[in-house]
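In: Sequence and computational prediction follow.
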Amino acid sequence: MNDYSRDIIFLLKENECTPEYIDQEVQFVHKVIACVDTDENFCIAHELVSRSRITSKKRKILRAINRPQLKAFHFLINKN
């Protein structure tokens, strides 16, 4: 099984599932998520809020999330 950096829980109705079947399902789900899980879509869905301003600029959002921790009084807000 490939090492994807996400936690996924599968609830299956089948009583007997082979490891190959589960691996195939994980790969299908990963392909679906990889299509929509892009930097562009992340920036569209979030805003970066500081004490004095709110920004939707892609460059600033990506710079903020590439840090190990957000700066003090900086917040990522999901617009959904």
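Out: Alright, I've got the coordinates.
In: mind listing the helices for this structure?
Out: Taking DSSP state H to define them, one finds helices in the chain at 19-36, 39-45, 58-65.
In: and of those, who's closest to residue 52?
Out: helix 58-65 (13.5 Å; C-beta to C-beta). Using the backbone N, CA and C atoms, a C-beta is placed for each residue, glycine as well.
In: can you pull the buried residues of the closest one?
Out: 60-61, 64 (16 or more other C-beta atoms under 10 Å).
In: Turn these into JSON lines, columns for distance to residue 43.
Out: As requested, the buried residues of helix 58-65 are exported to JSON lines (distance: C-beta to C-beta, whole Å):
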{"residue": "60", "distance to residue 43": "9"}
{"residue": "61", "distance to residue 43": "5"}
{"residue": "64", "distance to residue 43": "10"}
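In: quick one on the thing from earlier: check the helices of the chain for me and report the most buried one.
Out: Comparing those by mean neighbour count (mean count of other C-beta atoms under 10 Å), helix 58-65 comes out on top with a mean of 14.
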